[in-house]
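Enquirer: Build the 3D model from these lines:
(one chain, ligands or ions: 2)
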Amino acid sequence: MLRSKVLIQGVMPTMKGALELQYMVRSCGVVRMLCAPNAGCGQIVPKRRVSSTGKSSSKGHKDLVCNTRIRGIDITRDPKLNKGMAFTLKERQVMGLQGLLPPAIIPQDQQVYRTMQNFYRRENDLDRYIYLTALQERNEKLFYRVLTENVELMMPVVYTPTVGLACQKFGLIYRKPRGLYITEHDKGHIYSILCNWPETDVKAIVVTDGDRILGLGDLGAYGMGIPVGKLSLYTALGGIKPHQCLPILVDVGTNNPDLLDDPLYIGLKQRRTRGDTFYDLLDEFMEAVVRRYGQTCLVQFEDFGNQDAFTLLERYRNRYCTFNDDIQGTAAVAVAGVLASLRITKTRLSDNVFLFQGAGEASIGIANLIVMAMMEEGTSREQALEKIFLVDSKGLITKDRPSGGITEHKAPFAKNMQHIGDLGQIVKAVKPTALIGAAAIANVFTEDIIRDMGSFNERPIIFALSNPTSSAECTAEEAYRYTEGRCVFASGSPFDPVTVDGRTFFPGQGNNAYIFPGVALATIACGIRHISDEVFLKSAEYLAAMVDNEHLAEGRVYPPLSDIQKVSTEIATKLAEYAYKKGNLCAHYPEPKDKEAFIKSHQYSTDYESFLPDIYDWPGHESQL
Ligand SMILES: O=C([O-])CC(=O)C(=O)O
Ligand SMILES: [Mg+2]
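Expert: Ligands and ions are numbered 1, 2, ... in the order given. Prediction:
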């Protein structure tokens with residue numbers, strides 16, 4: 001192989017450093033200056049990360065982000081490589097970018113400023129969603145920098161509630177393919193479709209079939225917005241590297257008549273295929289994931305229909321590395337909120353009586369985790385089940401309910417009492433200490449119901465968990481106002497602070513976003529093979545312990561959203577400690593001593609990589625030149 005020293009010619013006088021730049025050229029003429037002598041093909045080895053403030057940062061690993069043969073305009077078209085106008089003069093010269101960019105060199109800090117200006121100029125959240133999506137597709141590092149620095153402002157845009165609207169309008173706002181679409185016609189070829197995905201280092205997949213998108217129902221292929229949004233939070237909150245994340249939509253049709261008639265619909269125009277054909281397709285999918293990405297590739301199931309969600313979780317939980325966010329993630333965040341509430345109500349968990357409006361994925365998931373937590377307190381399973389009441393579309397779940405419809409998941413909670421249909425009457429009969437809504441029936445917590453909760457309890461717990469905001473069981477304002485500010489409130493979608501009688505309350509957002517990024521980060525870092533319910537109970541306990549007394553005094557049962565990245569890292573660290581202590585949970589050994597440093601070493605950095613490391617810093621460079 002011919003290697004020679006090359007001097008860059010014809011650069012501006014200010015770039016004296018560039019004139020001295022030496023790099024290697026292969027006989028074929030392809031510039032190799034980005035590869036360290038021992039690096040694998042295409043691997044950037046930056047000398048160090050330089051943050052926008054000019055400080056070196058040790059956060060994050062070096063990433064396999066760049067095919068070094070990409071040059072010129074193609075670099076600016078690759079969101080993983082593109083830095084916009086932040087490319088330095090040296091980089092522009094060496095990488096064939098001169099003339100393709102305006103002459104100004106604009107560092108990332110200034111790009112952030114410009115991005116924020118553009119963000120604020122948009123008139124509504126859907127436009128802001130479209131703007132941020134375009135940024136993500138143009139300059140990934142900049143997108144994650146603005147998102148991580150403005151979580152409170154932007155999470156409601158890239159995630160709940162706006163992502164719900166974005167899914168509803170997906171046909172209209174669709175620009176570019178993001179993620180993989182697998183249809184039932186791909187049966188027998190799913191592995192080769194996974195091979196079409198350009199990244200080989202995928203560690204986490206979020207998959208949906210679009211059957212129950214948030215509380216909005218069947219949105220079919222428009223549901224792709226959900227895996228995309230969830231995985232944006234994997235990176236923004238958990239620090240999981242974007243190239244390790246893969247959003248997938250499994251399209252087996254939709255039963256939504258509006259979509260079947262919609263000329264903009266992007267999915268298969270057919271009614272949903274269910275039953276064995278559907279399960280066989282999912283079986284092939286899971287096998288293909290393992291074949292392509294290995295056994296420790298995490299698969300998060302999201303927004304599947306109720307029955308399928310339970311069936312698939314049972315089918316795969318002990319065979320693959322998987323969890324269902326709507327059952328287990330939501331359960332953990334709700335239980336965390338309840339555990340924190342107990343410090344306000346000054347009760348034990350087992351002293352409480354829970355009434356769930358809804359008996360679907362979320363309610364059953366939460367109810368089961370509460371049973372586990374009560375058993376940890378020393379209560380028997382039978383006694384714990386007695387304290388939990390479920391209401392579904394046919395009313396209270398009782399043993400000999402005339403209307404039936406009691407599935408195996410609801411059955412353990414069925415009560416030996418007379419059947420009551422109306423929620424208001426059920427609340428009066430049961431007198432719960434905690435009322436939890438998760439059935440996406442908007443405004444079902446009426447003024448009377450909320451007032452009743454306030455009359456039975458000094459500090460009633462009221463959680464309106466349904467998403468998006470339009471599906472919430474009541475607003476934060478209603479809950480606080482009708483209980484004279486005495487309730488402990490949380491909701492699935494964000495609500496603004498509420499002032500009642502001169503006191504301001506900060507409603508907590510009991511959204512699984514407090515849980516899944518941390519669980520995913522620990523799973524990926526440690527190679528946790530199977531994610532047990534205990535992992536979620538532990539996560540709930542860790543999260544509840546992060547709520548300090550000042551927060552509780554303001555009515556918050558979760559740490560402030562502005563701390564959610566810290567929370568995710570801490571949950572991941574504690575889970576790593578737990579998983580290694582348990583002994584057989586992890587695939588990745590040897591066990592790291594400092595779990596926090598270990599977890600952090602897996603996290604993404606939003607700092608731009610330097611494309612021109614100083615080759616003099618490469619060990620052994622002298623012998624290469
Ligand atoms: O996405 C969210 O905001 C929470 C969630 O999983 C759901 O509501 O299905
Ligand atoms: Mg969900």
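Enquirer: The strand or helix carrying residue 577: what's the following helix or strand?
Expert: Secondary structure assignment for residue 577, by DSSP states H and E: helix 564-582. Downstream of helix 564-582, the next assigned helix or strand under DSSP H and E is helix 595-600.
Enquirer: picking up where we left off before, pull the CA atoms of the helix holding residue 577 into PDB?
Expert: Taking Å, rounded to 0.1, in the frame of the first residue of the first chain, the C-alpha atoms of helix 564-582 are listed here in PDB:
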ATOM      1  CA  ILE A 564     -35.500  13.500  33.800                       C
ATOM      2  CA  GLN A 565     -32.100  12.700  32.100                       C
ATOM      3  CA  LYS A 566     -30.400  12.500  35.500                       C
ATOM      4  CA  VAL A 567     -33.200  10.300  36.700                       C
ATOM      5  CA  SER A 568     -32.800   7.900  33.700                       C
ATOM      6  CA  THR A 569     -29.100   7.600  34.300                       C
ATOM      7  CA  GLU A 570     -29.600   7.000  38.000                       C
ATOM      8  CA  ILE A 571     -32.300   4.300  37.400                       C
ATOM      9  CA  ALA A 572     -29.900   2.700  34.900                       C
ATOM     10  CA  THR A 573     -27.000   2.800  37.400                       C
ATOM     11  CA  LYS A 574     -29.100   1.300  40.200                       C
ATOM     12  CA  LEU A 575     -30.600  -1.400  37.900                       C
ATOM     13  CA  ALA A 576     -27.000  -2.300  36.800                       C
ATOM     14  CA  GLU A 577     -26.100  -2.700  40.500                       C
ATOM     15  CA  TYR A 578     -29.200  -4.800  41.000                       C
ATOM     16  CA  ALA A 579     -28.700  -6.900  37.900                       C
ATOM     17  CA  TYR A 580     -25.100  -7.800  38.600                       C
ATOM     18  CA  LYS A 581     -26.000  -8.600  42.200                       C
ATOM     19  CA  LYS A 582     -28.700 -11.000  41.100                       C
END
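Enquirer: just how off-centre is it within its chain?
Expert: Offset of helix 564-582 from its chain centre (CA atoms, centre = their mean, to the nearest Å): 16 Å.
Enquirer: What residues of that helix count as buried?
Expert: The neighbour-count check on helix 564-582 (16 or more other CB atoms under 10 Å) flags 564-565, 567-580 as buried. The C-beta positions use only the backbone N, C-alpha and C, and glycine is treated the same way.
Enquirer: so does stretch 141-160 get close to ligand 1?
Expert: Yes - counting by CB under 6 Å from any ligand atom, ligand 1 has neighbours in stretch 141-160: residue 160.
Enquirer: just the helices in the stretch 51-200 of the chain please.
Expert: For the stretch 51-200 of the chain, the helices defined by DSSP state H, counting those that start in this stretch occupy 73-76, 89-94, 108-121, 125-138, 140-149, 151-158, 162-168, 170-173, 190-196.
Enquirer: Just the residues contacting the fourth one, thanks.
Expert: Put plainly, it is helix 125-138. 79, 82, 84, 115, 118-119, 122, 142-143, 146-147, 154, 156-158, 162-163, 165-166, 169, 173, 175-176, 178, 232 (CB atoms under 8 Å, 6 or more residues apart in numbering).
Enquirer: Return a PyMOL selection command for the buried portion of those.
Expert: Of the contacts of helix 125-138, the buried ones can be selected in PyMOL as follows, counting by 16+ other CB under 10 Å:
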select buried, resi 79+82+84+115+119+142+143+146+147+154+156+157+158+162+163+165+166+169+173+232
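Enquirer: What about ligand 2: which of the contacts of helix 125-138 touch it?
Expert: The subset of the contacts of helix 125-138 within reach of ligand 2, by CB under 5 Å from the ion, is empty.
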